[in-house]
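**Student:** After the sequence you'll find the predicted model.
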Amino acid sequence: MRLKKLALLALVAVPVSLGIGCSDGDSDGGTGGSPSSDQYAANLCVSDKQEAAGAFCRSAFEGWAAWEIDQDDGVRDTALQSARTVLATAWDAAESDAESDDASCSDLALTSAQASAEIETWVSSIKDAINDGLDLGQAEHAQCGAALLEAAGDACEEVLTAESAHVADLAADPDASTLDAAKMAASSAFLSAWADATSGTCPTNATDQGIAGDIESLTDQIVLDTTVAPGLDDQAFVTLMPGPTDYLGRTYEPQCMQGSEYRYFAKRGTVNKLVMYYQGGGACWNNLTCVAETCKTLPDKNLDNYTSGFADLTNPSNPFRDWHIVFVSYCTCDIHFGDATRDYEGLTVEHRGYHNSKVAEKWAREHFLNPEEVFVTGSSAGA
């Protein structure tokens, strides 16, 4: 993942000088808020899901490989149903473990039923391609088809296992070189197994490179759908209204300056790249500036009026129109860094922009786990 940051503008110094950035002592305890070097619970959840998907993929191929020999539909269907049950159990356990560690791994996520359906569709297609040219009534043809399907299952599991290890600890493999090496080894093993299986009587019309490409498409789809929330709308912004949120050892209380409900917005893209936009809107730091309404104190109800710049999703010249977008709304008059309740000569102000920002960060981290690029930007108080 590559990170770009636009216009920092001394974001640390300003809130301190305004007196809005320090905790007032009534925040929930803990030293949370700083990124942790430990493996994050949502990543571990997705890692478990990908590992389970790899095992299911292998089982699905094995079920069809056995069918090649005797064409027993009942045995095949029983094997596939058993594999689905194992997958669902592992999926549920992964989500439960994440939840117990205050991370979401189920919201807008791929379900185990959807994952098994995706994999089975690919497996069936690959089976049909391999069987094109084979006469399963001939033992040698059937044995070759079974061997090729088993090789495909091995490759699928090996790739998803490698992806699982990678997403569990992205910092350990920042350039994905370890992942790439594992995927290359899986590909080489598959091509070798293909050559062995087709060295005898095996007149399949499928090619090793063609099936290898199908396996890559299968695993890429599962990886994408487990790391990017497929249930999030990719046509319009979704409104998110968070409540108290536990994140990295601290409870955050998202709210606006006058204590009203906070909301922010998100949209899924068609490429795995992410824009984090921090909205502007001025600041206040005493009775005069806060009473005079020099800043934005309520979030937008929706983003219908945002149709320019990165939000112009119909403009082919917009480099971000296909990206995921998280729009971090502004309503706390503290340049997104406040972490205190302030009494300005009888006027109580909730400078909780830091809370709002951390809640949006947590959501993005759990719904877009491994974007190729992250572009962090903003305007005015969000710059």
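**Tutor:** Cool, the structure landed.
**Student:** quick one: contacts for Glu158?
**Tutor:** 54, 182, 185-186, 189 (Cβ atoms under 8 Å, 6 or more residues apart in numbering). No exception for glycine: its C-beta is placed from N, CA and C like everyone else's.
**Student:** got the buried residues for the host helix or strand of it?
**Tutor:** Per DSSP states H and E, Glu158 falls inside helix 139-168. Residues 141-168 are the ones in helix 139-168 that count as buried (16 or more other Cβ atoms under 10 Å).
**Student:** quick revisit: from the contacts of Glu158, which land in helices?
**Tutor:** 54, 182, 185-186, 189 (DSSP state H).
**Student:** contacting residues for the most far-flung residue of the chain relative to its centre?
**Tutor:** The C-alpha centroid of the chain is most remote from Gln138, which lies 46.1 Å away (Cα atoms, centre = their mean). Shown in contact with Gln138 (Cβ under 8 Å, 6+ apart): Thr201.
**Student:** ok, so what distance separates it from Gly259?
**Tutor:** In this view, Gln138 and Gly259 are 77 Å apart by Cβ to Cβ, to the nearest Å.
**Student:** ok so, going back, tell me the average confidence for the helix holding Glu158?
**Tutor:** Helix 139-168 shows a mean pLDDT of 98.
**Student:** count of neighbours near Thr178?
**Tutor:** 14 (other Cβ atoms under 10 Å).
**Student:** what's near enough to touch it?
**Tutor:** Thr178 sits next to 165-166, 172 when contact means Cβ under 8 Å, 6+ apart.
**Student:** ok, those residues vs Asn305, which is closest?
**Tutor:** Nearest to Asn305 out of those is His166 (Cβ to Cβ; 40.5 Å).
**Student:** Spatially nearest residue to that closest one, not counting backbone neighbours?
**Tutor:** Spatial nearest neighbour of His166, excluding adjacent residues (Cβ to Cβ, 6 or more residues apart in numbering): Leu179 at 4.2 Å.
**Student:** what about the helices in the stretch 151-300 of the chain?
**Tutor:** 177-197, 208-227, 287-291 (DSSP state H, counting those that start in this stretch).
**Student:** Tell me which of these sits most buried.
**Tutor:** helix 208-227 (a mean of 19; mean count of other Cβ atoms under 10 Å).
**Student:** Can you give me the buried ones in stretch 59-77?
**Tutor:** Within stretch 59-77, the residues scored as buried using 16+ other Cβ under 10 Å are 59-68, 76.
**Student:** repeat for stretch 338-357
**Tutor:** 338-342, 344, 349-357.
**Student:** That stretch: how far from the chain's middle?
**Tutor:** 32 Å (Cα atoms, centre = their mean, to the nearest Å).
**Student:** Could you do stretch 50-68 as well?
**Tutor:** 24 Å.
**Student:** as a whole number, average confidence for that stretch?
**Tutor:** 98.
**Student:** What of stretch 234-253?
**Tutor:** Stretch 234-253 shows a mean pLDDT of 95.
**Student:** Give me the buried positions along it.
**Tutor:** Going by neighbour count (16+ other Cβ under 10 Å), the buried part of stretch 234-253 is 237-240, 242, 245, 247-248, 250, 252-253.
**Student:** Pick out whichever of those residues sits closest to Gln81.
**Tutor:** Of all those, Val238 has the smallest distance to Gln81: 34.8 Å, by Cβ to Cβ.
**Student:** now do the same end-to-end measure for stretch 193-213.
**Tutor:** 15 Å (Cα to Cα, to the nearest Å).
**Student:** gap between it and the chain center?
**Tutor:** When distances are taken as Cα atoms, centre = their mean, stretch 193-213 is centred 35 Å away from the chain's centroid.
**Student:** cool, and stretch 285-304?
**Tutor:** So, by Cα atoms, centre = their mean, the centroid of stretch 285-304 is 33 Å from its chain's centroid.
**Student:** can I have it written out in PDB, keeping just the CAs?
**Tutor:** The C-alpha trace of stretch 285-304 is given here as PDB (Å, rounded to 0.1, in the frame of the first residue of the first chain):
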ATOM      1  CA  TRP A 285     -11.600  28.800  20.500                       C
ATOM      2  CA  ASN A 286     -13.400  31.200  22.800                       C
ATOM      3  CA  ASN A 287     -16.900  32.600  23.600                       C
ATOM      4  CA  LEU A 288     -16.700  35.200  20.900                       C
ATOM      5  CA  THR A 289     -15.600  32.900  18.000                       C
ATOM      6  CA  CYS A 290     -17.900  30.100  19.000                       C
ATOM      7  CA  VAL A 291     -21.000  32.300  19.500                       C
ATOM      8  CA  ALA A 292     -20.400  34.100  16.200                       C
ATOM      9  CA  GLU A 293     -20.700  30.800  14.400                       C
ATOM     10  CA  THR A 294     -17.400  31.100  12.600                       C
ATOM     11  CA  CYS A 295     -17.300  27.400  12.000                       C
ATOM     12  CA  LYS A 296     -19.400  24.400  10.900                       C
ATOM     13  CA  THR A 297     -21.300  22.900  13.800                       C
ATOM     14  CA  LEU A 298     -23.600  20.400  12.100                       C
ATOM     15  CA  PRO A 299     -22.700  17.700   9.500                       C
ATOM     16  CA  ASP A 300     -24.300  17.500   6.100                       C
ATOM     17  CA  LYS A 301     -27.500  15.400   5.900                       C
ATOM     18  CA  ASN A 302     -26.200  13.900   2.700                       C
ATOM     19  CA  LEU A 303     -23.600  14.700   0.000                       C
ATOM     20  CA  ASP A 304     -26.100  15.500  -2.800                       C
END
